[in-house]
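Asks: Below is the structure, and that's it, no one-letter string:
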């Protein structure tokens with residue numbers, strides 16, 4: 001479904017002559033194609049699944065944020081603005097982001113469900129969070145919350 005939305009948005013952006021959206025969506029689709037090709041070695045012939053696509057898009061946003069920060073520090077506000085525009089285009093395809101309270105609630109539910117009690121369970125908890133909430137939260141921040149929650153027990 002997300003693949004279809006990306007392809008439709010590309011066509012629509014081309015009709016609207018929105019150069020930023022066209023280039024950004026093409027970049028996302030190129031990354032998606034690369035991931036699909038890499039997945040074939042694992043025996044995945046249909047292409048990567050939705051959670052993996054969402055994870056890839058989160059990674060693209062993270063890269064763009066880091067680049068924008070570097071451009072700002074380097075005195076290149078026009079390039080930083082370009083990165084932020086790309087972020088806006090990519091975010092248009094992601095599900096609504098969870099608030100910090102929603103992330104904590106989801107984390108608490110998974111910790112209770114898995115019976116996680118120590119920092120050794122962090123990998124299992126993070127894997128479950130990613131499986132259930134791909135694209136809905138920043139997993140770098142969530143990782144800090146998981147660590148805090150599990151070390152506090």
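Replies: Alright, I've got the coordinates. Values in this document were obtained by computation on a predicted structure and should not be read as measured data. Residues are numbered from 1 along each chain as shown.
Asks: How is this protein divided into domains?
Replies: 2-91, 100-151 (automatic domain parsing).
Asks: mind putting these in JSON lines, mean pLDDT included?
Replies: Output for the domains of the chain, formatted as JSON lines (pLDDT from 0 to 100):
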{"stretch": "domain 2-91", "mean pLDDT": "93"}
{"stretch": "domain 100-151", "mean pLDDT": "85"}
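Asks: Contacts for stretch 11-30 next, please.
Replies: The contact list for stretch 11-30 (CB atoms under 8 Å, 6 or more residues apart in numbering) reads 6, 7, 9, 10, 57, 60, 82, 85, 86, 89, 90, 93. For the C-beta atoms, the positions are set from N, CA and C on the backbone; glycine is no exception.
Asks: at 6 Å what do you get?
Replies: 6, 9, 10, 85, 86, 89 (CB atoms under 6 Å, 6 or more residues apart in numbering).
Asks: again with stretch 118-135
Replies: The contact list for stretch 118-135 (CB under 6 Å, 6+ apart) reads 51, 54, 55, 94, 95, 110, 114, 116, 142, 146, 150, 151.
Asks: circling back: most surrounded residue in the contacts of stretch 11-30?
Replies: Each of these was scored for neighbours by other CB atoms under 10 Å, and residue 86 scores highest at 23 neighbours.
Asks: from memory that one sits against residue 64, does it?
Replies: Yes. Counting by CB atoms under 6 Å, residue 86 touches residue 64, with 5.3 Å between them.
Asks: Show me the helices in this structure, by range?
Replies: Here the chain has its helices, by DSSP state H, at 2-16, 19-40, 50-73, 77-91, 100-114, 122-133, 139-151.
Asks: Show me what counts as buried in the longest one.
Replies: Right, the one you point to is helix 50-73. For helix 50-73, the buried set under the neighbour-count rule, 16 or more other CB atoms under 10 Å, comprises 52-58, 60-61, 64, 67-68, 71.
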